[in-house]
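1. return atomic coordinates for the entry below.
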Amino acid sequence: MAVLVVVDIPGGTKEQYEANHKKITGSPWFPPKGFVSHVAAPSEAGWLIVDVFETKDDYTAFVERAMPIFQENGTPPVHPKFYEPANFVAR
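-> Okay, here's the model as predicted:
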């Protein structure tokens, strides 16, 4: 079953997000195994990311590859929350 991943990044900025996104999507390993969807938006605390991956292990493997990019851009530490989706609809 797919996994919904919600990551709230207190203190995260649009500039950090855009730098991370550009480098990740330009990487030869993108899209990562199990990637389904990605949405990002500013939040009251900083920056919010909502991803869907096929499995939690796929998401964890993605983060291991992306972590050096996050660190390089000064992204604050994150603590993802995982949910089992009841439904997923896309065009």
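
2. wait, D58 sits on K33?
-> Yes - counting by C-beta atoms under 8 Å, D58 does reach K33; the two are 5.3 Å apart. C-betas here are computed from N, CA, C, even on glycine.

3. so between those two, which is more surrounded?
-> With neighbours defined as other C-beta atoms under 10 Å, D58 and K33 compare such that D58 has more, 16 against 13.

4. need the contact list for that one.
-> Neighbouring residues of D58 by C-beta atoms under 8 Å, 6 or more residues apart in numbering: P32, K33, G34, F35.

5. so which helix or strand takes in it?
-> Using DSSP states H and E, D58 sits within helix 56-72.

6. quick one: buried residues of that helix?
-> For helix 56-72, a neighbour-count test (16 or more other C-beta atoms under 10 Å) marks K56, D58, Y59, A61, F62, A66, I69, F70 as buried.

7. derive a ChimeraX selection command for the buried subset of the contacts of D58.
-> Selection of the buried residues among those in ChimeraX, burial being defined by 16+ other C-beta under 10 Å:
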select :32,34
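
8. mind listing the strands for this structure?
-> Secondary structure of the chain (DSSP state E): strands at 3-10, 35-42, 46-53, 81-83.
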